[in-house]
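Visitor: Pasting a predicted model and its sequence here:
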Amino acid sequence: AGFFTYDPGFMSTASCNSNITYIDGEQGILLYRGYPIEQLATKASFLEVAYLLLYGDLPGEKELVGFERLIMRHTMLNENLKNFLNGFHYDAHPMAMLMGVVGSLSAFYHDSLSVNDPRHREIAAHRLIAKIPTIAAAAYKHSVGEPIIYPRNDLRYCANFLRMMFATPCEDYKPTLIAEKAMNLLFILHADHEQNASTSTVRLAGSSGANPFACIAAGIASLWGPAHGGANEAVLDMLLEIGDVKNVPKYIEKAKDKDDPFRLMGFGHRVYKNYDPRAKIIREVCYQVLDELADNDNPLFELAMKLEEIALNDEYFVERKLYPNVDFYSGIIYQALGIPRNMFTVMFAVARTVGWVSHWMEMMDDPNNRIGRPRQIYRGPNQRDYLPISKR
Ligand code: CMC
């Protein structure tokens with residue numbers, strides 16, 4: 001009992017007004033600023049979508065070129081940031097490195113940043129979108145003990161990222177068109193998803209007027225968990241653990257067993273109760289990518305298909321409206337592109353940064369913005385008196 005509505009997990013609480021992303025969970029509809037995800041994913045470039053999310057409309061030709069130039073101008077990192085990376089042990093999780101280094105940007109851009117100045121906010125947003133791939137690739141290079149590869153601003157966003165991941169000082173790297181296309185699509189699908197846990201975290205952190213780089217670091221922390229962005233890595237872990245198609249029924253039973261903490265990773269969604277439209281797109285692309293990479297007898301994909309088939313026909317999953325979500329397939333594509341497993345959630349973070357900064361900008365522009373401050377239902381002891389330790 002209490003004076004406040006108890007809503008664990010915010011199942012029925014709208015925390016803000018937003019013009020950015022629309023989801024209809026019953027019908028499997030996802031719109032960015034009114035545009036269906038199916039159209040954007042197949043027709044747009046990632047930076048085009050970034051512009052749309054940030055500014056509310058698709059850019060014209062000139063605007064897009066200007067925006068691309070602007071973003072690519074900010075891709076370099078201050079050399080001193082390398083020292084933060086070097087402080088990490090080689091086997092640190094890249095999400096830990098990403099969170100730490102993005103957080104440290106707050107110290108680098110503190111003086112030039114007033115969160116009350118819209119122009120400063122916009123520059124912070126551009127810097128975040130521009131620098132996050134550089135930091136992500138640098139974290140990867142640190143984990144494999146290779147020198148950091150600097151950005152090349154004449155390349156497209158995804159091509160530049162792939163090059164920073166896979167080039168070495170001895171050998172340049174030019175991504176295949178299919179790899180670039182697949183990454184562009186995955187980034188668009190992950191770019192925003194309204195008030196999910198990490199975006200809500202960014203908004204809550206930012207509602208106090210905190211530094212935006214620090215707020216995005218908070219979003220990265222929230223994304224990391226296996227119930228959220230960590231699911232794509234967890235799906236691959238799960239597929240490897242299952243190991244063989246013949247073991248699928250056993251794991252399905254485990255997932256249904258309430259005494260077993262195991263869940264089918266990549267299944268279920270808080271909002272989508274019929275299907276996840278992102279999963280539908282990505283499933284198609286998964287076929288194409290594996291086909292073009294001549295990887296179509298990929299045993300993990302085969303295993304994933306079997307798992308999907310059995311789960312979709314099982315009463316437990318049908319009753320609870322549990323369908324494959326976007327991350328059921330994203331890891332399989334990333335793996336086919338040569339991205340290591342511990343980088344999957346980092347890839348998600350790079351893409352979602354666009355959504356995070358769009359929401360942060362929208363919130364900071366909103367005259368109704370006040371500090372986020374949920375209440376609680378207190379269930380602890382009634383008032384009591386302090387006793388000296390000898391009397392307890
Ligand atoms: N495997 C087995 N049972 C499940 C699963 C699953 N993956 N997901 C939900 N359930 C069951 C759950 O046990 C509960 O059963 P019951 O009613 O008998 O107690 C029922 O379905 C409802 O689940 P819930 O946990 O109350 O639902 P939620 O809305 O709080 O959680 C979720 C949504 C996505 C966290 C959850 O489905 C889950 O943990 N899925 C696996 C992790 C995953 O794939 N996450 C990625 C989400 S998509 C990417 C992103 O946007 O972050």
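Guide: Yes, it's here.

Visitor: Ramachandran angles for the spatially closest residue to residue 268 that is not a sequence neighbour?
Guide: Once flanking residues are discounted, residue 268 sits nearest to residue 322: 4.4 Å by Cβ to Cβ, 6 or more residues apart in numbering. Yep, even glycine has a C-beta here, placed from its N, CA and C like the rest. Backbone torsions of residue 322, given as degrees, to the nearest 10, read phi -100, psi 120.

Visitor: Could I get the buried residue list for the lengthiest helix in the chain?
Guide: When the chain is parsed with DSSP state H, its longest helix is helix 118-144. Residues of helix 118-144 classed as buried by neighbour count (16 or more other Cβ atoms under 10 Å): 121, 123-143.

Visitor: The residue nearest to residue 268 contacts residue 267, doesn't it?
Guide: Yes - under the criterion of Cβ atoms under 8 Å, residue 322 makes contact with residue 267 at 5.0 Å.

Visitor: Those two - which one has more neighbours?
Guide: residue 267 (23 against 20; other Cβ atoms under 10 Å).

Visitor: for the ligand, what are the nearby residues on the stretch 101-250 of the chain?
Guide: 193, 196, 227, 228, 229, 231 (Cβ under 6 Å from any ligand atom).

Visitor: and the third one, how many neighbours does it have?
Guide: If I follow you right, that is residue 227. Neighbour tally, residue 227, other Cβ under 10 Å: 12.

Visitor: where does the residue in the stretch 151-300 of the chain that the ligand sits nearest to land on pLDDT?
Guide: Here the residue of the stretch 151-300 of the chain nearest the ligand is residue 268; by Cβ to the nearest ligand atom that distance is 2.3 Å. Predicted confidence (pLDDT) for residue 268: 93.

Visitor: And the strands in the stretch 101-250 of the chain, which stretches?
Guide: For the stretch 101-250 of the chain, applying DSSP state E, counting those that start in this stretch gives no strands.

Visitor: How about the contacts made by residue 271?
Guide: Residues in contact with residue 271 (Cβ atoms under 8 Å, 6 or more residues apart in numbering) are 23, 25.

Visitor: How much space separates it from residue 62?
Guide: 37 Å (Cβ to Cβ, to the nearest Å).

Visitor: same question, residue 11
Guide: According to Cβ to Cβ, residue 11 and residue 62 sit 44 Å apart.

Visitor: quick one: contacts of stretch 370-385?
Guide: 1, 2, 3, 4, 6, 15, 203, 204, 207, 208.

Visitor: So which of these belong to helices?
Guide: 203, 204.

Visitor: Would you list the phi and psi of the closest residue to residue 162 other than its chain neighbours?
Guide: Once flanking residues are discounted, residue 162 sits nearest to residue 175: 4.0 Å by Cβ to Cβ, 6+ apart. Note on residue 175: backbone dihedrals following degrees, to the nearest 10 are phi -70, psi 150.

Visitor: wait, isn't residue 175 in contact with residue 165?
Guide: No - counting by Cβ under 8 Å, residue 175 sits too far from residue 165 to count as a contact (9.0 Å).

Visitor: Buried ones in the helix or strand harbouring residue 251, by neighbour count?
Guide: Counting by DSSP states H and E, the element that carries residue 251 is helix 248-256. If you call a residue buried by 16+ other Cβ under 10 Å, then helix 248-256 has these buried ones: 248, 251, 252, 255, 256.

Visitor: wait, which of the residues you listed is closest to residue 115?
Guide: residue 255 (44.0 Å; Cβ to Cβ).

Visitor: which residues sit in contact with that closest one?
Guide: Residue 255 touches 262, 263, 264, 267, 311, 316, counting by Cβ under 8 Å, 6+ apart.

Visitor: Can you pull out the low-pLDDT segments for the chain?
Guide: Under the criterion pLDDT under 70, the flagged ranges of the chain are 1-2, 111-112, 294-297.

Visitor: From the ligand, how far out is the nearest residue to residue 318 once chain neighbours are set aside?
Guide: Distances taken as Cβ to Cβ, 6+ apart put residue 312 closest to residue 318, at 7.5 Å, once the chain neighbours are dropped. Noted for residue 312: a distance of 13 Å to the ligand, by Cβ to the nearest ligand atom, to the nearest Å.
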